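[1] missing the sequence, but the structure's below:
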């Protein structure tokens with residue numbers, strides 16, 4: 001295990017990070033002043049190499065706190081951010097000026113953004129206003145609005161296997177899958193993009209927890225397998241083809257002492273995932289433990305505040321990044 005590289009950004013609590021799909025060591029980091037409760041935000045661009053020493057950083061200021069960030073799948077220098085004022089902004093890292101595009105449709109905080117790795121001209125946002133919106137970078141307005149949940153939607157992610165399948169998680173304790181090809185998503189007129197029968201249009205609803213679900217992720221190798229995590233401190237693995245009402249998950253991973261804020265499957269191993277928690281740790285798990293070895297593989301605990309983000313390197317196996325409210329980004333090798 002190498003010593004972690006650390007980026008410290010005093011005054012700005014980190015909320016999310018994302019590795020570039022084009023550059024092996026490039027990271028984007030979304031952060032907020034005053035722990036995201038009030039004040040401005042900052043987008044950091046970082047070149048990360050695990051090992052001793054600090055990380056160089058370029059930053060952009062925003063008027064409101066940033067909660068999430070996603071890289072474009074078609075343009076190596078562009079990325080989109082989600083903001084506490086309900087806005088989305090598209091940035092070009094080659095331009096030091098204002099964002100190149102901004103959208104303001106959500107009526108409450110935007111808590112997640114996800115760029116489709118199949119339909120590479122489309123990204124999704126989810127908000128505390130209960131909606132998921134689909135966007136194209138060159139369109140002035142969203143192309144579809146999904147009335148996903150009765151309550152705030154913490155995360156919405158495109159399936160990495162099927163371009164029209166979208167999964168979401170919410171304060172209501174459910175995971176929902178939406179099939180964007182269904183007739184329910186047909187527009188009702190020339191000037192609207194909200195589909196006809198929103199809440200019944202979920203292809204599948206999984207009552208995954210009695211408490212809030214804060215994060216989910218698709219397995220990169222097993223279609224229709226999802227992991228969820230949240231306030232109940234558990235990581236749960238679901239096979240959406242096998243779920244029936246009231247059914248228990250395939251796998252449960254207990255061990256975190258407080259709510260789990262982020263879960264992400266490894267892009268290199270079908271049975272490995274990482275989590276970030278309010279217990280100030282980032283942990284690595286396997287769903288197929290070997291004899292004599294538990295499901296918990298590793299605990300990363302140098303953080304001194306809530307750990308709210310973690311992400312695996314896309315290009316190099318075993319490299320993990322974590323970020324938290326202690327204003328520190330750690331990049332380390334598991």
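    Nice, I can see it. Given the structure is predicted, the values throughout are model-derived calculations rather than measurements. Numbering: from 1, shown residues only.
[2] and the closest residue to residue 221 other than its chain neighbours, how far from residue 318?
    Once flanking residues are discounted, residue 221 sits nearest to residue 270: 3.7 Å by C-beta to C-beta, 6 or more residues apart in numbering. Quick note: C-beta positions are derived from backbone N, CA and C, even for glycine. Distance, residue 270 to residue 318, by C-beta to C-beta, to the nearest Å: 15 Å.
[3] ok so, going back, I'd say the residue nearest to residue 221 and residue 218 touch.
    No. Here residue 270 does not reach residue 218: they are 11.6 Å apart, not a contact under C-beta atoms under 8 Å.
[4] which one of these two has more residues nearby?
    Between residue 270 and residue 218, counted using other C-beta atoms under 10 Å, residue 218 has the larger neighbour count: 22 against 14.
[5] quick check on the more buried one: phi, psi?
    phi -80, psi 140 (degrees, to the nearest 10).
[6] let me know the pLDDT of it.
    Listed pLDDT for residue 218 reads 98.
[7] need the contact list for it.
    Neighbour list for residue 218: 157, 159, 160, 161, 167, 225, 226, 265 [criterion: C-beta atoms under 8 Å, 6 or more residues apart in numbering].
[8] start and end of stretch 71-81, how far apart?
    9 Å (C-alpha to C-alpha, to the nearest Å).
[9] how about that stretch: buried residues?
    71, 72, 73, 77, 78, 79, 80, 81 (16 or more other C-beta atoms under 10 Å).
[10] residues contacting the last one?
    The one in question is residue 81. Residue 81 sits next to 30, 41, 43, 62, 66, 68, 69, 88, 89, 91, 113 when contact means C-beta under 8 Å, 6+ apart.
[11] low-confidence bits of the protein, can you list those?
    1-3, 35-37, 50-54, 183-201, 244-247, 292-293 (pLDDT under 70).
[12] quick one, helices of it?
    Assigned helices in the chain: none (criterion: DSSP state H).
[13] related to what we said a few turns ago, pull the most distant pair out of the buried residues of stretch 71-81.
    The span of the buried residues of stretch 71-81, defined through C-beta to C-beta, is set by 73 and 81 at 15.7 Å.
[14] which stretches of the stretch 1-150 of the chain form strands?
    Secondary structure of the stretch 1-150 of the chain (DSSP state E, counting those that start in this stretch): strands located at 5-8, 12-19, 26-33, 41-47, 57-62, 66-71, 78-83, 87-92, 101-104, 110-115, 123-127, 131-135, 144-147.
[15] what's the angle from the fourth one to strand 78-83?
    Orientation check (axes from the mean of the first three to the mean of the last three C-alpha atoms, to 10 degrees): strand 41-47 against strand 78-83 gives 150 degrees.
[16] count of neighbours near residue 282?
    Quick note: residue 282 (other C-beta under 10 Å) scores 27 neighbours.
[17] show me the contacts for it.
    So residue 282 contacts 274, 275, 276, 299, 300, 301, 303, 307, 310, 320, 322, 330 (C-beta under 8 Å, 6+ apart).
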